[in-house]
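**Student:** Fold the stuff below for me.
(chains A and B)
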Amino acid sequence: MLKFDHVSKVYKGGKRAVQDLTLEIEKGEFICFIGPSGCGKTTTMKMINRLIEPTEGSIYINGKNILEGDSVQLRREIGYVIQQIGLFPHMTIQENISLVLKLLKFSEEKRRTRARELLALVDMTPDYLEKYPHELSGGQQQRIGVLRALAADQPLILMDEPFGALDPITRDSLQEEFKKLQRKLEKTIVFVTHDMDEALKLADRIVIMRDGQIVQCDTPDEILRNPANEFVEEFIGRDRLVQARPNIQTVEQIMNPSPITITGERTLSEAIQLMKHHRVDSLLVVDEKKVLQGFIDVEIIDQKRKKASLVRDVVETDIFTVEKHTLVRDTVRKILKVGMKYVPVVDDKHRLVGIVTRASLVDIVYDSIWGEDEMTKIG
Amino acid sequence: METINDILNYYSQNAGYVWVQFYRHFLMAAYGVLFAAIVAIPVGILIARYNKLSTWVISLANIIQTIPALAMLAVLMLVMGLGTNTVVFSLFLYSLLPIIKNTYTGIRNVDHALLESGKAMGMTRFQVLCMVELPMAMSVIMAGLRTALVISIGIATIGTFIGAGGLGDIILRGTNVTNGTPIILAGAIPTALMAVIADIVMGWLERKLSPIKKRKGSLQNQVDEQAA
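**Tutor:** Next up is the predicted model:
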C-alpha cells in the first residue's frame, strides 16, 4: 500500500531529519511512528502527503510514485488529522466535515448526507451539524477532526499526535472509539505519537525511530518481548516490559476466578456478615444468572442501612469492568493510574467470571522478578 | 444659546447646500478608501506571503503617512491640478497604510494549524487564501478600512483649499467672515458626525465579519497594538 524507498530528508543547513528510510506498510495496517522529539517521525509522516518534500528516495502509494504526480490531488486522497485539530472556526461542523468533498466538487446534497452519516459514526446527533467548532468540547472537536479526514473515504489517513492535547479520560475514550472505527472501516493509518501507551494500545506495528533512522519496527507484543537494543528498552520503560511478560497475556489468566458475590435479594446484614467472614470490604452484586449488577461496599452499607434493608436497594451500578480477553497491560494501567482497588472481569454476556485485585498485581510483579531470574538462567 | 440658534438658522436657510457638501465630502472619503482598498488589500496579501517585501512596503506607506496633509495636497495640486480628483488621490495615499498593515497583520496572524490543515486537505494556494486566510483575516482588514475611512473624513475637510468642495467649504466660509463661529460649527459638526457614524457602522460590519464571536476581543486588541 505505502512504501518508503531509501527516503532521506536534509533540511537547509544540513540537518538530516530522516536518513535512508525504507519501510513497507500493508493495506489496513495501523502504524505508529514513535520516538523522542526530533527523531524525524513527523517529518516522515509529512513526506507522505508532501507537506515536506523528500530530498532523496521515493515514496510509493499502491505502486505509484507520489513524488511525480500533483501534490494537491494527492492530498485530497489522504486524510490528515493534527494535534491542534485545526477546524475552521468560521465554518459550521457540516462545512468542516465536508470540506474535502467540496474541494472534490461534490454536490451540496451529497455533502450534507455524508456529513450526517459520518456524525452518526461517532454517536453525535445531527443537530451538531449547524454548530460552530468553538461551541464543542475539545474531545468533540477532535472527533470532528477525525471525521473530516474520513469524509472522502480516503484509504490512507495520517495522524500527527491527534489525541495529544486532550485530557487523559477523553483521550482514553477517543482512542478506543477510534480503534474500533479503524477496524470497521479498514483504513490504513500512519499515526505519530510520543506516548508509548498510546502506541501499544492502538498500533498493529510500531516503528521506533531515533535520529532519523528506524531502530525497530515490529508488533507491540514483539517489541515488548524482544526490544532490539538498550534504547528501545529505555524508551518503552521497565514497567511496561514487566507487564508484558509473555506467559501472562489476558486478564483471564491472572484473575481470581472466585470473587465474593452476593445477590440483590439478600439483606444488608447478611452482606456485612459475608464481608466479615471473607475479610473483604466490598461485594460484587450478581443476579441468579451471574450477570454483574454492581457492587456494594462497607461505606454504602454504613450510610444506608437505616433506610434500606435489601442489597438490591443500595447497589452501586456504576462500575468499571473488563472483558476476560483484555490484555493484562491495559488493565494494569487502569488499576494503577485510575486508582481502582479492583476490576471485575466479565465475559461477553456481562456474566461475572473473576476479579483482578491489587493482590493479583503483586503476583505479576513477584512472577516477573523471580521469573526473570529463571529465564536468564535458562537463556 | 445664540450660537445654536444661529446654526439652526443657517441649516434652515442652506439645507440644500449643506446636504450637497455633506454628500460630496462623504463620496471623496469613500472613493479614496475604496481605491486604496483595491490596491492595498492585494498588496497586504502579497507582503504577507513574501515577508521580505513587508519591511519595504510598510516603511513606504509609513513615509506617506508622515507627510502633512496640507503639504501633500499642495504637491499633488502641482501635478494633478485643482479639484476633487486630487483630494481623492491624496486620501487614497493616506488610506494605504492602515489597510496594508491590517491586511498584512490579519493574514500573518491566521493560526498556522489552520493553514496546515487546509493545505493538507488538498487546497490549492488560492483556495487556502479564499477559504481560510481571507475569512479569518476579514475582521482585521475591516478594522483597517474603518481607520482609513475615519482618517479620510477628517482630511477631506481641507480639500476645500484646492477647490474640491465638501464640508470644509462651509468651515472656510465661517473663518472668512466676522463672527463666523456658527458657520464654522455648522460645517464642523456634520464632519464629526459623519466620522462617528462611519466608525460605528464599520465597527458593526467588523463584528459581523468576525470568524469567531468569542475570540474577537483578543484579535481586536492585537490589531490596535499594531496600529499604535
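**Student:** quick one, what contacts A:E77?
**Tutor:** Contact analysis of A:E77 by Cβ atoms under 8 Å, 6 or more residues apart in numbering or on different chains lists A:152, A:154-156, B:122. The way it works is simple: take the backbone N, C-alpha and C, and place the C-beta from them, glycine included.
**Student:** for A:T331, same thing?
**Tutor:** Contacts for A:T331 (Cβ under 8 Å, 6+ apart) come out as A:251, A:322, A:343, A:356.
**Student:** can you rerun that using 10 Å?
**Tutor:** A:T331 is in contact with A:243, A:250-251, A:254-255, A:322-323, A:340, A:343, A:345, A:356, A:360-361, counting by Cβ atoms under 10 Å, 6 or more residues apart in numbering or on different chains.
**Student:** where are the low-confidence patches of chain B?
**Tutor:** B:212-228 (pLDDT under 70).
**Student:** Would you mind listing what in chain B touches chain A?
**Tutor:** For chain B, the contact set with chain A under Cβ under 10 Å from any Cβ of the partner chain comprises B:111-125, B:127, B:131-132, B:135-136, B:138-139, B:209-215.
**Student:** Just to be sure, which of these are found in helices?
**Tutor:** Using DSSP state H, B:112-120, B:125, B:127, B:135-136, B:138-139, B:209 are the members of these that sit in helices.
**Student:** Centre-most residue in chain B?
**Tutor:** Nearest to the geometric centre of chain B sits B:A148, at 1.8 Å (Cα atoms, centre = their mean).
**Student:** the inter-axis angle of the helix or strand harbouring it versus helix B:112-120?
**Tutor:** Using DSSP states H and E, B:A148 maps to helix B:134-156. Between helix B:134-156 and helix B:112-120, the angle comes out at 120 degrees (axes from the mean of the first three to the mean of the last three Cα atoms, to 10 degrees).
**Student:** Now do B:G81: how many residues are near it, please.
**Tutor:** Using other Cβ atoms under 10 Å in any protein chain shown, B:G81 has 11 neighbouring residues.
**Student:** Next up, phi/psi of it, please.
**Tutor:** phi 80, psi -180 (degrees, to the nearest 10).
**Student:** so how far is B:F89 from it?
**Tutor:** Counting by Cβ to Cβ, to the nearest Å, the gap from B:G81 to B:F89 is 11 Å.
**Student:** and the ones in helices among the residues of chain B next to chain A, which are buried?
**Tutor:** Buried subset of these (neighbour count, 16 or more other Cβ atoms under 10 Å in any protein chain shown): B:114-120, B:127, B:135-136, B:138-139, B:209.
**Student:** And the furthest pair within those?
**Tutor:** Largest separation among these by Cβ to Cβ: B:A120 and B:L209, giving 26.2 Å.
**Student:** Check which helix or strand the closest residue to A:G139 other than its chain neighbours maps to.
**Tutor:** Leaving aside its sequence neighbours, A:G139 sits nearest to A:T170 (Cβ to Cβ, 6 or more residues apart in numbering or on different chains; 3.9 Å). Here A:T170 sits within helix A:168-185, counting by DSSP H and E.
**Student:** try B:S90
**Tutor:** helix B:84-108.
**Student:** repeat for A:M209
**Tutor:** Per DSSP H and E: strand A:205-210 holds A:M209.
**Student:** That'll do, ta.
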